[in-house]
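K.L.:
From the sequence below, what's the structure:
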Amino acid sequence: MTETVAARSSDPTFNIREASREDIPQLEDLVDHFVTANRLLPRTFDELCDLIPFGFVAESNACIVGFAALEIYSAKLAEIRSLAVHEDHQGKGIGRALVQRCVELAVRRNVLEVMAITSADGFFQACGFDFTLPGEKKALFMQTRDEY
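P.N.:
Alright, predicted model coming up:
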C-alpha cells in the first residue's frame, strides 16, 4: 500500500510504502550514515533483510529518504527499529509518517505495546510515546559492554 503524504513545506510530496529487498542497497547507505554519526546501531545485510518484511521506506523523487521497521517480539511487545530520515528531508513529517505506519502495523497484528529506544525522546513524545505506560510501567536497561 503506497500513501502520498503532503510535505509541510514547498518540497515535493513523499511516498511511504512497504520496504522490499530491492531497497537494501539504498537502506545500507542511509543507515550507515547514521551509524557513522553514532545515531543508530550498526545493521548487517542479514539484519536489514530480517527487518524488510515489517519495514517501510519514504521516497522522494525516486530516492529512499527514510526508513523504519517494526520488530515484533511477541503479541505483547514490538519495537520501532532503525528509524532514519536523510538530513535534507527532516522536518517534513517523514519520520512521523514512518512511525505511524509502524504503529498501524502493530495494531493490525494485535501487538499490545510498541517501544522505541532512542536518543530523540522529544520526537517520539510528539508521536504519542511516553516514558511510562498506564499503571506506571517503565522499561529499565543495563548495558553489558561499552561499544556496539
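K.L.:
CA atoms only: put stretch 114-133 into CSV for me.
P.N.:
Extracted C-alpha coordinates of stretch 114-133, given in CSV (Å, rounded to 0.1, in the frame of the first residue of the first chain):
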residue,chain,number,x,y,z
VAL,A,114,5.2,-0.5,21.0
MET,A,115,8.5,0.8,22.3
ALA,A,116,11.3,3.0,20.9
ILE,A,117,14.8,3.1,22.3
THR,A,118,16.1,6.4,21.2
SER,A,119,18.2,9.5,22.0
ALA,A,120,15.4,11.6,20.2
ASP,A,121,12.9,11.2,23.0
GLY,A,122,11.2,14.6,22.2
PHE,A,123,10.4,13.3,18.6
PHE,A,124,8.9,10.1,19.9
GLN,A,125,6.9,12.0,22.6
ALA,A,126,5.5,14.2,19.8
CYS,A,127,4.4,10.9,18.1
GLY,A,128,2.5,9.9,21.2
PHE,A,129,5.1,7.8,23.1
ASP,A,130,5.8,8.4,26.8
PHE,A,131,8.3,7.2,29.4
THR,A,132,5.7,5.2,31.3
LEU,A,133,2.7,3.1,30.4
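K.L.:
which of the residues in that stretch are buried?
P.N.:
Buried residues in stretch 114-133, counting neighbours by 16 or more other CB atoms under 10 Å, are found at 114, 116, 123-124, 127, 129. C-beta here means a position set from N, CA and C on the backbone, and glycine is covered the same way.
K.L.:
mind checking how far the residue nearest to residue 100 when sequence neighbours are not counted is from residue 28?
P.N.:
With CB to CB, 6 or more residues apart in numbering as the criterion, residue 100 has its nearest non-adjacent residue at 7.4 Å, and that residue is residue 127. Relative to residue 28, residue 127 is positioned 25 Å away (CB to CB, to the nearest Å).
K.L.:
For residue 146, give me the pLDDT.
P.N.:
We have a pLDDT of 79 for residue 146.
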